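**Q** Give me a model of this one.
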Amino acid sequence: MSETLPQALSLSETVAFLESAFPQMDAGGRTYHLVEVGPGLARMRMDHHTRHLRPGGTVSGPSMMALADYALYAAILATLGPVALAVTTSLSFNFLRRPGPAGLVAAARLLKLGRRLAVGEVHITTPDGDSLVCHATGTYAIPPER
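**A** A predicted model of the protein is given here:
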């Protein structure tokens, strides 16, 4: 993204908004942790928990999808501010490696931020950052009043 984006919310403000708007993400115990935000970016960690595993001991696709969607939404919030009604319109996933039963890290960045749409990508890696396990892209509709 060539243009310079503003940063509307700090890390603590983004976390507070997510906790307020989406308390269901912590149902059963907190496993998603927003660790960094900046203009057009967010980094989120998902802790290892048995509820994220599928048969065979690997992290499930739906768990990685939730991580990617949540991280990309956090990048939008950090850039635009508390836009609760920004909604996902599409998500596309490429599962590249089978992650073992461990936590994962999502690095989200906005590729384009327009008046009505935001487009971004997410790289999901092992905690050490050595193995890219999933690449996702997503588009979000931005409500007209922001």
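
**Q** Now do the helices in the chain.
**A** When secondary structure is read from DSSP state H, the chain shows helices at 11-21, 61-80.

**Q** Enumerate the positions of the first one that are buried.
**A** In other words, helix 11-21. Judged by neighbour count using 16 or more other C-beta atoms under 10 Å, the buried positions of helix 11-21 are Leu11, Thr14, Val15, Phe17, Leu18. Just so you know, the C-beta spots here come from the backbone N, C-alpha and C atoms, and that holds for glycine as well.

**Q** Then the last one?
**A** Neighbour-count burial for helix 61-80, with 16+ other C-beta under 10 Å as criterion, is recorded at 63-80.

**Q** Check stretch 120-135 too.
**A** For stretch 120-135, a neighbour-count test (16+ other C-beta under 10 Å) marks Gly120, Glu121, Val122, His123, Ile124, Thr125, Thr126, Val133, Cys134 as buried.

**Q** Tell me what the fourth one is bridged to.
**A** Translated: His123. Following DSSP bridges, His123 is listed with bridge partners Ala107, His135.

**Q** Just list the residues touching it, thanks.
**A** For His123, the set of contacting residues under the criterion of C-beta atoms under 8 Å, 6 or more residues apart in numbering consists of Ala106, Ala107, Leu132, Cys134, His135.

**Q** per-residue confidence at it?
**A** At His123, the model reports a pLDDT of 98.

**Q** ditto for Gly57
**A** The per-residue pLDDT of Gly57 was computed as 83.

**Q** quick one: it and Pro101 touch, right?
**A** Yes: with the criterion set as C-beta atoms under 8 Å, Gly57 and Pro101 qualify as a contacting pair; they are 5.0 Å apart.
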